[in-house]
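>>> Give me the fold of what follows.
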Amino acid sequence: MRRILFPLLFSAALVLYGCGRDVHTVHFDGSLEVSGEKFALKDINPDLPENWDGYGFVVLEYRINTAQRFQVGFTTDNGYNELRVMCYVPNAWNRIAIPMEYFTLPPAPAADLAATNNHARYTGWINLGGRRGPMHGVDSVGFRMRRAIGDAVLEIRDITLSKDDPGDAYLCRKPAVDKFGQSNLVDYPEKVHSLEELEACWRAEEAEPAGTGACNYSKYGGYRQKQVEGTGYFRTGKIDGRWWFIDPEGYLFLSVGVDCVDISCGGSIRAYDKRPGMFAELPPADLASKMGLTDRHGDSGASFGLWNLYRRYGEDYREKALDMVIRRMDRWGLNTIANWSSDIVKDSGRKAFLHQLYGMGLSPELMGLCDIYAPDIREKLEESISRQTGKYVGNPWLIGYFIGNEPAWINQEERLCSLILEGEERPVKTALEKYLKENGDSPDSRKEFIYKTFREYLVLTDDIIRKYDPDHLNLGIRFGDPLTLPDEVLSACDVFDVFSFNCYDLLPRTEMMDKVKDLIDRPLIIGEYHFGTVDRGYAQSLWQVESQEQRGVAYRYYTEHAYAHPSLIGTGYFQWADQDISGRFDGENYNCGLVDVTDRPYKEQVEAMAETAKVLYDIHSGTALPYSRMPRNCRGHGAIPDLWNASLPDSLSLEGSVYNM
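As a prediction, the model looks like this:
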């Protein structure tokens, strides 16, 4: 096994790094809506210039005792430029280098919102949000946090500038991650310290009874309470004014699912060679290849989740781990393998599933729009769609296909047109120039061109999907909040069988779903939502709660209110296992899983899911009320209120848009 040891000479050097600087401390106050503090830069590093032109990175050397996201901002001549940071190594000194462009420029074009705003580093990750502009007259730095969980403290001892990327650094002797993939810097009651302790937990779970009797599910996960005509495939239908899925046998069906379902439990290690000292021990070098698992490039990688799977089941892991996934879904009342899930689970023929189509022509350079004016676009889309759908033709377990996720161009149509016009020669540029010449160049005509292009793309892809697989549903693109969608975009979605959207919120608001109902009257799927906290050393997810117990409360409150709407027929909780503690491909490291890296369920979360699953049929039928207990101090991921050390004004409350600020 590969074991990482911290060289003594390097450790000694780290002790000296930053000596001579005073440590400045911020105590974030959890009783306030927003708390934080500003410091004059001359008090931290008197050598810093006021004009930061010509520098490529601002480098922070700091320690924070929580993985909760915090805001970092600088006061300039033009205002206050700010972004968000999440730390992979709470309780340890570390250095993170932030590209200067994150403070000065709009995000680079990308296909979806996560790719636009998330940026991975090695000791933490960065999420873009807040004001940007020239870094001139920079005189102070500020640190803020929204509704701190517990006693959150940040210490800053140095800020420097660099023209080139100096790299991040882990500045602590104690490894940040233990041999099981758990945080080595944070303690919590459920933490395991030996393989024997872990094996006892696994044996206890294996002794639990399985079954879905409490939900009265049919073979495909429909409700035996009511049966209509079955067609052999999933379809949608409106019965007594309420939308439903109808399963292949004709039973009414609500898609109660989880995203990213896999036999593994996360814990992949990104760029471990660039993070000396962070890992107490890495998995055996030949583990991934021994288990027959590689990444999408064909390379084997290091994964604590796989290592724990191997510890639990040995080389004969695949079928045993798959059986456990299905048993867990049965116990927790889950009837759908939702988006982003592994083929191993989807192809088992034991649960209904959703599938994401790739290679759909959505260009990062066009912010997720497709250049439908390219002469070979239909040929390329037909090749991609026919190849992918061919695997599933005739499969009764497949509900339908998604074709995209959170396009970044929504409400950025004018910027997209400018990018096209200023960019390389391509068919969409020629088409846009022609359109503006014929219709006049105005903000409205630019938007109209994008909407027209988008509509034609949806019609084209829908036609091809139905040509090659007419029996499965077109679930469309998973958008963000429907209330933010222009009517022209929403109207174009009437080609879908189901309108899908991701909704990270306290609950999906009625007016949000009513907008879709009133404009195109399609049934709805929520593709992503979740809640998390910081007790395990992970960032708290897009919506934070105070504790693991409150994660379960939040799930019940959100999910049961969602299904109370007559149009809502599916949900996909994001996600099956916690994200990688040291960051996935774009940096995210959220505590959002049903299962932790040691392959143990979060008890409070899954028990809440099981209770909710029992009542969803009655709630959606309108014969039962949803769960009424709200989670405490639940807060969202959006731009935080423009406050320093203050509570929300009395005129504002969590009932409405304020809670999503």
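
>>> Let's verify the closest residue in space to residue 336 that isn't next to it in sequence: helix, strand, or coil?
Distances taken as Cβ to Cβ, 6 or more residues apart in numbering place residue 257 nearest to residue 336, at 3.2 Å, with adjacent residues excluded. Bear in mind the C-beta positions are built from the backbone N, C-alpha and C, glycine included. Residue 257 carries the three-state label strand when classified by DSSP: H, G, I helix; E, B strand; the rest coil.

>>> What residues does residue 257 make contact with?
334-338, 354, 570-573 (Cβ atoms under 8 Å, 6 or more residues apart in numbering).

>>> Kindly recompute the last result at 7 Å.
Going by Cβ atoms under 7 Å, 6 or more residues apart in numbering, residue 257 touches 334, 336-338, 570-572.

>>> In a markdown table, list these along with neighbour count.
Shown next, in a markdown table, are the contacts of residue 257 (neighbours: other Cβ atoms under 10 Å):
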| residue | neighbour count |
| --- | --- |
| 334 | 28 |
| 336 | 28 |
| 337 | 33 |
| 338 | 30 |
| 570 | 26 |
| 571 | 28 |
| 572 | 29 |
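
>>> Which residue is the nearest non-sequential neighbour of the residue sitting nearest the centre point of the chain?
Nearest to the centroid of the C-alpha atoms of the chain, with distances taken as Cα atoms, centre = their mean, sits residue 574, at 6.8 Å. The shortest distance from residue 574 to any non-neighbouring residue, by Cβ to Cβ, 6+ apart, is to residue 528 (4.1 Å).

>>> How much space separates the residue nearest to residue 336 from residue 426?
38 Å (Cβ to Cβ, to the nearest Å).

>>> got it, and residue 138?
39 Å.

>>> More neighbours: which of those two?
residue 138 (21 against 16; other Cβ atoms under 10 Å).

>>> So which of the contacts of residue 257 sit within helices?
Among the contacts of residue 257, the subset assigned to helices under DSSP state H is empty.

>>> farthest-separated two in those?
337 and 571 (13.0 Å; Cβ to Cβ).

>>> give the contact list for the residue nearest to the centre of the chain.
By Cβ under 7 Å, 6+ apart, the neighbours of residue 574 are 259, 528-530, 592.

>>> now do residue 307
283, 287.

>>> Just among the contacts of residue 574, which is most surrounded?
residue 592 (30 neighbours).

>>> quick check: domain ranges of the protein?
Domain ranges of the chain: 18-170, 213-280+326-635, per automatic domain parsing.

>>> what are the ranges of the helices in the stretch 1-150 of the chain?
Secondary structure of the stretch 1-150 of the chain (DSSP state H, counting those that start in this stretch): helices at 8-16, 41-44, 101-104, 113-117.

>>> what's the least confident stretch among those helices?
Confidence, taken as mean pLDDT, is least for helix 8-16 of those (a mean of 28).

>>> now residue 621: how far from residue 269?
In terms of Cβ to Cβ, residue 621 sits 46 Å off from residue 269.

>>> Could you pull out the helices in the stretch 151-300 of the chain for me?
Under DSSP H, counting those that start in this stretch, the stretch 151-300 of the chain gives helices at 195-206, 287-290.

>>> Go through these and name the closest to residue 161.
helix 287-290 (39.7 Å).

>>> pLDDT on that closest one, on average?
pLDDT averaged over helix 287-290 gives 73.

>>> I'd like to know which elements it is packed against.
Secondary-structure packing of helix 287-290 (3 or more Cβ pairs under 7 Å, 6 or more residues apart in numbering; DSSP states H and E): helix 304-313.

>>> Let me know the next secondary structure element after the helix it packs on.
Sequence-wise, the next helix or strand downstream of helix 304-313 (DSSP states H and E) is helix 318-332.

>>> tilt between that following helix and helix 304-313?
Here the directions of helix 318-332 and helix 304-313 differ by 100 degrees (axes from the mean of the first three to the mean of the last three Cα atoms, to 10 degrees).

>>> so helix 318-332 versus helix 195-206, what angle?
Using the same axes, to 10 degrees: helix 318-332 against helix 195-206 is 60 degrees.

>>> For helix 318-332, give me every contacting residue.
Residues contacting helix 318-332 (Cβ under 7 Å, 6+ apart): 208, 210-212, 261, 263, 309, 313, 344-345, 348, 350-351, 601, 606, 609-610, 613.

>>> let's go with 8 Å and repeat that
Residues from elsewhere that reach helix 318-332 (Cβ under 8 Å, 6+ apart): 205-206, 208-212, 258, 261-264, 309, 312-313, 334-335, 337, 344-345, 348, 350-351, 594-595, 601, 606, 609-610, 613.

>>> Take the residues you listed and keep only those in strands.
Within the contacts of helix 318-332, residues falling in strands by DSSP state E are 258, 337.

>>> filter the contacts of helix 318-332 to the buried ones?
Using 16 or more other Cβ atoms under 10 Å as the burial test, those include 212, 258, 261-264, 309, 312-313, 334-335, 337, 344-345, 348, 350-351, 594-595, 601, 606, 609-610, 613 as buried.

>>> low pLDDT regions in the protein?
Low-confidence segments of the chain (pLDDT under 70): 1-20, 288, 292-301, 649-661.

>>> can you rerun that using 80?
In the predicted model of the chain, residues 1-21, 212, 285-301, 645, 648-661 satisfy pLDDT under 80.

>>> Looking at it, which helix is longest?
The chain, longest helix under DSSP H: helix 443-468.

>>> list the helices and strands it packs on?
Applying 3 or more Cβ pairs under 8 Å, 6 or more residues apart in numbering; DSSP states H and E, we find helix 443-468 packed against strand 369-370, helix 377-389, strand 398-405, helix 413-422, helix 427-439, strand 473-479, helix 487-492.

>>> separation between the closest residue to residue 583 other than its chain neighbours and residue 279?
The spatial neighbour of residue 583 that comes closest, neighbours along the chain excluded (Cβ to Cβ, 6+ apart), is residue 589 at 4.9 Å. Plainly put, residue 589 is 14 Å away from residue 279 if you go by Cβ to Cβ.
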